[in-house]
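In: sequence and predicted structure, then a few things I'm wondering about:
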Amino acid sequence: MTGDLPRHQYVWVDTAFTHAEPCGFVPAVWFALVSYPGRMWGCSVLFESGAIYRNLPPHALAFEPYPEPIWTPKKAQTWDCYGEAFQTIEYRYLSGLAVRVRTHDYRRPKVRQDRDGTYLFTAVPLQDGFSAVPEQAKEFTFVALSNGRLTIQPTNHVLVEERSFTQRLGEWPQGLKRQTDVWTCE
């Protein structure tokens, strides 16, 4: 299923993913997402030529023309999509706030690296086999990293800095438990 971004994003696309003869990064407007179960998010962009390119992987996008050069699927996204249905939301309270995320190194799966960036928006999976189960429900947080790259992380891999409320970003919280209950009022 395809859905609009809460607001379009000006990005750079690695032409190794889109052109027969790659020529570095070219400007584009990222305007939509595609979700297929068991795959990475697909990004739909509009090129300056007027061409629409659909289903680009997140590691093909950047927020500057010369981003961190080696960006792997595992650094770009931790979990594959659960299903086809989703909704994108830009939480106004989080809009533009600084975040710290944990990404994974594909060569050393248990090694995580903290990276700083800015909150963009959230994608909420719907109507799949995981999202209705509290301990499996995860939203996908889309972040523009300070290295020029895009990463998409579950909420348990994201810390948000709201300077009037949160402490300075440092250690990851300890002792939080996973939600496991389904609550009803009848």
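Out: Alright, I've got the coordinates. Numbering: from 1, shown residues only.

In: contacts and neighbour counts: CA atoms only from here.
Out: Noted.

In: give the bridge partners for the most centrally placed residue in the chain, please.
Out: For the chain, the residue nearest the mean C-alpha position is I152 (2.1 Å; C-alpha atoms, centre = their mean). Beta-bridge partners recorded for I152 (DSSP bridges): Q77, F142.

In: likewise for D4?
Out: Beta-bridge pairing for D4 (DSSP bridges): A32.

In: wait, it touches S35, no?
Out: No: counting by C-alpha atoms under 8 Å, D4 stays clear of S35, with 11.6 Å between them.

In: what about the two, which has more around it?
Out: Taking neighbours as other C-alpha atoms under 10 Å, D4 and S35 compare with S35 leading, 22 against 15.

In: surely that one touches D80?
Out: No: taking contacts as C-alpha under 8 Å, S35 lies outside contact range of D80: 9.1 Å.

In: quick one: the strands in this structure?
Out: Using DSSP state E, the strands of the chain run over residues 2-14, 25-34, 42-47, 52-56, 61-62, 86-89, 98-105, 108-125, 140-145, 150-154, 158-161.

In: how about CSV for those, with mean pLDDT and distance to Q174 added?
Out: Output for the strands of the chain, formatted as CSV (pLDDT from 0 to 100; distance: least, C-alpha to C-alpha, whole Å):
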stretch, mean pLDDT, distance to Q174
strand 2-14, 96, 32
strand 25-34, 98, 33
strand 42-47, 98, 33
strand 52-56, 97, 36
strand 61-62, 98, 32
strand 86-89, 95, 28
strand 98-105, 88, 15
strand 108-125, 86, 16
strand 140-145, 97, 21
strand 150-154, 96, 17
strand 158-161, 92, 13
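
In: mean neighbour count, those: which tops it?
Out: Mean neighbour count (mean count of other C-alpha atoms under 10 Å) peaks for strand 61-62 among these, with a mean of 28.

In: hmm, who's touching stretch 4-11?
Out: Outside stretch 4-11, the residues within contact range by C-alpha atoms under 8 Å, 6 or more residues apart in numbering are 27-33, 61-64, 88-90, 121.

In: could you redo the last one with a cut-off of 7 Å?
Out: With contacts defined as C-alpha atoms under 7 Å, 6 or more residues apart in numbering, stretch 4-11 is touched by 27-33, 61-64, 88-90.

In: next: stretch 142-153.
Out: The contact list for stretch 142-153, computed with C-alpha under 7 Å, 6+ apart, reads 58-59, 61-64, 67-68, 75-78, 116-122, 140-141.
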